[in-house]
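Student: Need coordinates for the below:
(chains A and B)
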Amino acid sequence: MKTRSNLERVLEGGNFAVTAEIGPPQSADPEVIRKKAKVLSGYVDAFNVTDGQTAVVRMASWAACLIGKEYGIDPIVQMTCRDRNRIALQMDILGIAALGINNVLCLTGDHQKFGNHPQAKGVYDVDSVQLIKIVKDMRDERKFQNGEPISYEPRLFIGAAENPFADPFEFRVLRLKKKIEAGADFIQTQIVYNVEKFKEWMGRIRDLGLHERVKILAGVAPIKSVGAAKYMKTKIPGMDVPDEIITRLQGVPKDQVPKEGIRICVDIINQLKEIKGVSGVHIMAIEWEETVPEIVQAAGLYPRPKF
Amino acid sequence: MLISKQKPFEEIMGYLNGESKVFLVGCRGCAEGWESGGEKEIIEMKRRLEESGKIVTGYALVDMLCDKALAALKLKNYKKKIDEADSILVFTDGAGVQVVSELVKKMVHPGCNTVSSGGGHAEWKGAERCMECGNCVLEYTGGLCPISRCSKHLLNGPCGGSQGKKCEVDPEIPCVWHLIYERLKELGRLEKMEKIVPPKDWSVSLVAGPPVKRF
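Tutor: Sure, this is the predicted structure:
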């Protein structure tokens, strides 16, 4: 074990892991996080808190993680390069480790243009691959990015993201390889709706033996409405929502659509469980976190391993 | 006036690793003025490269290398010597390097760092852009600039928002990393993209360095 991360323990034990995402509030209200974390408690091995997703100002990921930790769940701090240079990133890495957080997800970040402060200056001093390497060197080499030594290293389980549905498709596998070589321990993917394309991507991952070098958690998310499905299909960069998902949602009475959305999510998890090299799922039920226990149970992933 | 400085010779030799024959391109414009890629410097570079065991198949000097039409006319005369070479080494600013890599289907190495474009962005007519970052990365990218053309200045490949060859920020903007991938694939040099590029030294850049640049 590299760290005290519960997620690492679950994965190392060969269990099919379950993580879920919490969206923090656009306010200083801790109760929002408490309510969401309480719902997840016992149903997930770790939870992520997004870091200014879509470049909207929200409560800091590390702060919301600490609040959620009160419920005994292992937090994963998300950290983007959009808002921090290498100085700030390393300060936050030291800080979260000192606060007893065991996991970090290293991201480039959604461009500031998409958010509610599009006038902001993006930072992008380093990119996600470089950030992974920085955290890995801080942990394993006890060195800062400038080469200076660290007396007490941050012991973090290092995560990275990958989007199998972005282009160029052939490079997506090599990009994952780069992230592994930079030091990623686990991967959380973009939401999978197109299972066939994901299978093709995983096939290429296995061809290079990458599934044996990193733990891959496939992203999933329930869809609440036909409108939401269409929005994701056309408006969100890097999303692949096949028409049959939309047709399936349209095929039930309007009041049954959310239920059907949850059923689709469970069906997808069941298909993902059968794919060799998939080590778990990451449920991104943003602003619909209360569905996570139902999804976890229906997918036969409850109870979670206890240590 | 674009201000460029030659990269350290050791760095250039590193770029030529695994290659034996190289063709040199210089510029009689700004690069000659700043003594980074005029005739004198090109001849001196040829001597040093040969001394280090490289074969220089030839060299060309273009009056304004950043002018694509002019560069195309000039380089056409050197087709045979360029074909013989494994790669092209270009001594001028970032825009000139990008022009050569557009024109020649070969690996193009930057021989200079662009320190400043001397405030000339606004009047620039060519499609190639240089953001005077001071530490040219065109070596890793097949001659397409991720500093001036990627919305997040990424150095290790496209972000998750690249779809249908377009940038997530604006569907009118091509994803330069998609173009880089295609260019390197065509050149059989995809290994350049598999290598982890370390964090960039922004202290030499006008964007993030001191407001006054001393040359």
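
Student: Can you pull up the most central residue in the chain?
Tutor: I went with chain A, as the question did not name one. Among the residues of chain A, the one closest to the centroid is residue A:188, at 4.6 Å (Cα atoms, centre = their mean).

Student: in what helix or strand does the closest residue in space to that one that isn't next to it in sequence lie?
Tutor: Distances taken as Cβ to Cβ, 6 or more residues apart in numbering or on different chains place residue A:282 nearest to residue A:188, at 4.3 Å, with adjacent residues excluded. Where you see a C-beta, it was placed from the backbone N, CA and C, and this is true even at glycine. Following DSSP states H and E, one finds residue A:282 within strand A:278-283.

Student: quick one: contacts of that strand?
Tutor: The contact list for strand A:278-283, computed with Cβ atoms under 8 Å, 6 or more residues apart in numbering or on different chains, reads A:10-11, A:15-21, A:44-45, A:48, A:186, A:188-189, A:202, A:211, A:215-221, A:265, A:269, A:272, A:292, A:295-296, A:299, A:301.

Student: Paired strands for it, with orientation please.
Tutor: strand A:17-22 (parallel), strand A:215-220 (parallel) (DSSP bridges).

Student: Give me the buried positions along the helix or strand following it.
Tutor: Using DSSP H and E, the helix or strand that follows strand A:278-283 in sequence is helix A:292-298. Residues of helix A:292-298 classed as buried by neighbour count (16 or more other Cβ atoms under 10 Å in any protein chain shown): A:292-296, A:298.

Student: what does stretch A:97-116 give?
Tutor: Buried-residue list, stretch A:97-116, by 16+ other Cβ under 10 Å: A:97, A:101-112, A:114-115.

Student: roughly how far out does that stretch sit from the chain middle?
Tutor: Relative to its chain's centre, stretch A:97-116 lies at 10 Å (Cα atoms, centre = their mean, to the nearest Å).

Student: close to chain B, is that stretch?
Tutor: Yes. Judged by Cβ under 8 Å from any Cβ of the partner chain, stretch A:97-116 comes into contact with chain B through A:108-111, A:113.

Student: can you count the residues close to residue A:19?
Tutor: 27 (other Cβ atoms under 10 Å in any protein chain shown).

Student: and the strand holding residue A:282, which residues are buried?
Tutor: Neighbour-count burial for strand A:278-283 flags A:278-283 (criterion: 16+ other Cβ under 10 Å).

Student: Reformat these as JSON lines; add pLDDT.
Tutor: Listed next are the buried residues of strand A:278-283 as JSON lines, based on pLDDT from 0 to 100:
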{"residue": "A:278", "pLDDT": "98"}
{"residue": "A:279", "pLDDT": "98"}
{"residue": "A:280", "pLDDT": "98"}
{"residue": "A:281", "pLDDT": "98"}
{"residue": "A:282", "pLDDT": "98"}
{"residue": "A:283", "pLDDT": "98"}
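
Student: and residue B:48, what helix or strand is that in?
Tutor: Judged by DSSP H and E, residue B:48 forms part of helix B:39-51.

Student: on contacts alone, who are the packing partners of that helix?
Tutor: Here helix B:39-51 touches strand B:21-27, strand B:55-62, strand B:87-91, going by 3 or more Cβ pairs under 8 Å, 6 or more residues apart in numbering or on different chains; DSSP states H and E.

Student: Buried residues, that helix. List them.
Tutor: Neighbour-count burial for helix B:39-51 [16+ other Cβ under 10 Å]: B:41-42, B:45-46, B:49.

Student: quick one, what contacts residue A:215?
Tutor: With the criterion set at Cβ under 8 Å, 6+ apart, residue A:215 makes contact with A:11, A:17, A:185-187, A:279-280.

Student: quick one on the thing from earlier: relative to the whole chain's centre, how far out is the helix holding residue B:48?
Tutor: The answer for helix B:39-51 is 18 Å, by Cα atoms, centre = their mean.

Student: Export that helix to CSV, keeping only CA atoms.
Tutor: Presented in CSV, the C-alpha positions along helix B:39-51 are these (Å, rounded to 0.1, in the frame of the first residue of the first chain):
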residue,chain,number,x,y,z
GLU,B,39,24.1,33.4,-43.5
LYS,B,40,27.0,33.8,-41.0
GLU,B,41,25.2,31.8,-38.3
ILE,B,42,24.0,29.1,-40.7
ILE,B,43,27.6,28.5,-42.1
GLU,B,44,28.9,28.3,-38.5
MET,B,45,26.2,25.9,-37.5
LYS,B,46,26.9,23.7,-40.5
ARG,B,47,30.6,23.6,-39.4
ARG,B,48,29.7,22.6,-35.9
LEU,B,49,27.2,20.0,-36.9
GLU,B,50,29.7,18.4,-39.3
GLU,B,51,32.4,18.5,-36.6
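
Student: Could you tell me the per-residue confidence at residue A:222?
Tutor: We have a pLDDT of 98 for residue A:222.

Student: if you skip the residues just before and after it, what's nearest to it?
Tutor: Leaving aside its sequence neighbours, residue A:222 sits nearest to residue A:265 (Cβ to Cβ, 6+ apart; 4.1 Å).

Student: I'd like to know how far the one you found sits from residue A:254.
Tutor: 19 Å (Cβ to Cβ, to the nearest Å).

Student: How about residue B:33?
Tutor: Residue B:33 is 71 Å from residue A:254, by Cβ to Cβ.

Student: Between these two, point out the one with more neighbours.
Tutor: residue B:33 (15 against 10).

Student: do you know how far the residue nearest the centre of chain B is from chain A?
Tutor: The centre of chain B sits closest to residue B:97, judged by Cα atoms, centre = their mean, with a distance of 3.4 Å. Distance, residue B:97 to chain A, by Cβ to the nearest Cβ, to the nearest Å: 22 Å.

Student: Of the buried residues of strand A:278-283, which is the nearest to chain B?
Tutor: Ranked by distance to chain B (Cβ to the nearest Cβ), the buried residues of strand A:278-283 are led by residue A:282 at 14.2 Å.

Student: helix/strand/coil for the closest residue to residue A:276 other than its chain neighbours?
Tutor: Spatial nearest neighbour of residue A:276, chain neighbours left out: residue A:206 (6.4 Å); criterion: Cβ to Cβ, 6+ apart. Three-state call for residue A:206 (DSSP: H, G, I helix; E, B strand; the rest coil): helix.

Student: Tell me the buried residues in stretch A:198-214?
Tutor: A:198-199, A:201-202, A:204-205, A:210-211, A:214.

Student: What parts of chain B come near chain A?
Tutor: B:151-165, B:168-169, B:175, B:178, B:181-182, B:190, B:193-194, B:196-200, B:202, B:208.

Student: Which of those are buried, as a PyMOL select command?
Tutor: Applying 16+ other Cβ under 10 Å to those, the buried members can be selected in PyMOL as follows:
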select buried, chain B and resi 151+152+153+154+155+156+157+158+159+160+161+162+163+168+169+175+178+181+190+193+197+199+200+202
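
Student: Among the residues of chain B next to chain A, which ones are in helices?
Tutor: B:178, B:181-182, B:193-194 (DSSP state H).

Student: nearest to residue A:179, of those?
Tutor: Distance to residue A:179 across these (Cβ to Cβ) is lowest for residue B:194, with 11.6 Å.

Student: okay, now the residue nearest to residue A:224 when sequence neighbours are not counted: neighbour count?
Tutor: In this structure, residue A:224 finds its nearest non-sequential neighbour in residue A:258, 5.3 Å apart by Cβ to Cβ, 6+ apart. Residue A:258 has 18 neighbours, counted by other Cβ under 10 Å.

Student: and the ones in helices among the residues of chain B next to chain A as a markdown table, adding pLDDT?
Tutor: Below are these laid out as a markdown table (pLDDT from 0 to 100):
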| residue | pLDDT |
| --- | --- |
| B:178 | 97 |
| B:181 | 97 |
| B:182 | 97 |
| B:193 | 95 |
| B:194 | 95 |
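
Student: Done for today, thanks.
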